[in-house]
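> how does the following fold in three dimensions:
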Amino acid sequence: MVSSKPASCFGPSHHHSEVSCIEELITDDSVIEVPQNYVIPDQESAISDGTILATIPTIDMTQLVLINQSANNDELEKLHSTCKEWGIFQLVNHGVSSALLDKVKQELEDFFKLPLEEKMRYKVRPGDVEGYGTVVKSQDQKLDWGNRFFMFTNPRRKPHLFPELPTSLRNTLETYMLELQRIARTLLGLMGKLLKMKMEEMEELFEDGLQSLRMTHYPPCPKPELVVGLRPHSDGSGITILHQVDGVQGLQIKKDGAWFPVIFDHGAFVVNVGDILEILSDGLYKSIEHRVTVNPEKERISIAMFFMPKLEAEVGPVTALRDPQKPPSSGKIGMEKFVEKYFAHNLNGKTPLERMKTEDSEEKTTA
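Next up is the predicted model:
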């Protein structure tokens with residue numbers, strides 16, 4: 001059932017901005033209607049083909065770490081081909097303890113169970129992208145069926161966000177982020193090697209780079225076919241590391257022009273290539289377009305961490321990969337400009353990256 005009423009909730013400054021949230025729509029004793037601004041018409045259906053699920057590559061972290069001490073480069077070659085052909089993989093034997101992952105699960109569940117007024121202390125402020133909820137910019141804006149908390153965690157943190165989280169959640173996230181930083185450092189270093197970059201080049205780009213965290217709660221929806229948990233997009237990161245906290249599936253990827261559901265192992269991380277790596281690799285590595293669907297009965301909770309170069313860095317195709325016979329797929333772009341452009345528009349497939357490439361090409365033509 002669809003309701004024509006828009007759905008929104010307001011914090012103290014509602015005359016400046018409107019922040020969407022789903023909690024007020026849902027009660028335990030009633031079946032909700034889906035408000036019109038959450039209805040996404042004409043969605044492309046996913047192909048329910050079990051064969052592709054088994055073929056999403058799995059990378060073994062322990063094998064990658066052993067590469068420097070062994071002549072066996074099979075896992076490294078597998079990483080290379082995976083980034084070229086898929087842009088996404090499961091990471092197993094990553095070294096993050098199950099005890100810590102259980103703690104993350106408990107803390108996130110507890111946070112999303114907090115009363116709405118407590119979570120709205122962290123609401124997205126006017127003109128910002130960080131915080132809890134989604135800023136509604138127009139009456140006809142289509143909204144995702146998810147409660148989202150996004151924030152930058154490095155190099156600077158907004159004083160009213162991460163430092164003000166409940167102590168136990170904050171401490172758990174600090175430990176978790178340190179573990180993911182270790183993983184990202186290893187993966188980016190190896191990817192740089194595969195892209196024929198000097199080790200110091202990749203380190204210089206990502207050392208003390210931009211890092212951000214997105215915690216998302218996708219409530220059940222009685223009409224899941226009408227809504228989307230997270231609309232199709234590619235990430236503006238170098239790499240993204242995703243942890244599906246509660247084991248409820250919902251991630252889908254677009255491969256060869258079709259959507260496929262992704263099923264991954266309990267305890268595995270999902271790592272995907274972002275737009276920055278696609279730029280660095282001159283299109284050799286593909287930033288994967290993905291989306292999230294919702295479940296009619298079960299909630300889903302996930303936490304994603306995004307790793308980007310530092311703001312003062314300039315990103316462009318790696319010199320060693322350039323083909324002198326053809327122009328690079330994009331020129332250099334400053335990270336500050338890239339981030340500004342990425343967040344200037346609502347998520348929409350790979351449009352931000354394609355738009356930047358087009359603008360770069362136009363600038364060269366008119367220069």
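> could you use CA atoms for every contact and neighbour count after this?
Noted.
> and the next element down the chain from the top helix by length along the chain?
In the chain, taking DSSP state H as the definition, the longest helix is helix 167-194. Using DSSP states H and E, the helix or strand that follows helix 167-194 in sequence is helix 199-206.
> show me what the mean pLDDT comes to for the longest helix of the chain.
For helix 167-194, the mean per-residue pLDDT is 96.
> that helix to helix 199-206, inter-axis angle?
140 degrees (axes from the mean of the first three to the mean of the last three Cα atoms, to 10 degrees).
> mind listing what's buried in stretch 126-136?
Within stretch 126-136, the residues scored as buried using 16 or more other Cα atoms under 10 Å are 129-135.
> about what we covered before: and the longest helix of the chain, what does it pack onto?
helix 74-85, helix 98-112, helix 199-206, strand 239-244, strand 300-307 (3 or more Cα pairs under 8 Å, 6 or more residues apart in numbering; DSSP states H and E).
> which parts of that helix are buried?
For helix 167-194, by 16+ other Cα under 10 Å, it's 169, 172-173, 176-177, 179-181, 183-185, 187-193.
> chain center to that helix: distance?
15 Å (Cα atoms, centre = their mean, to the nearest Å).
> report the angle between the axes of that helix and strand 300-307?
50 degrees.
> and helix 167-194 with helix 98-112, angle?
Using the same axes, to 10 degrees: helix 167-194 against helix 98-112 is 120 degrees.
> angle of helix 167-194 against helix 74-85?
Using the same axes, to 10 degrees: helix 167-194 against helix 74-85 is 90 degrees.
> helix 167-194 to strand 239-244, inter-axis angle?
Going by the same axes, to 10 degrees, helix 167-194 makes 140 degrees with strand 239-244.
> for the stretch 201-350 of the chain, just list every one of the strands.
With DSSP state E, counting those that start in this stretch as the criterion, the stretch 201-350 of the chain has strands at 211-218, 230-233, 239-244, 251-255, 258-261, 269-273, 290-292, 300-307, 314-315, 333-334.
> could you redo the ones you listed as JSON lines and give each row mean pLDDT?
Below are these laid out as JSON lines (pLDDT from 0 to 100):
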{"stretch": "strand 211-218", "mean pLDDT": "96"}
{"stretch": "strand 230-233", "mean pLDDT": "91"}
{"stretch": "strand 239-244", "mean pLDDT": "96"}
{"stretch": "strand 251-255", "mean pLDDT": "91"}
{"stretch": "strand 258-261", "mean pLDDT": "89"}
{"stretch": "strand 269-273", "mean pLDDT": "96"}
{"stretch": "strand 290-292", "mean pLDDT": "93"}
{"stretch": "strand 300-307", "mean pLDDT": "97"}
{"stretch": "strand 314-315", "mean pLDDT": "91"}
{"stretch": "strand 333-334", "mean pLDDT": "89"}
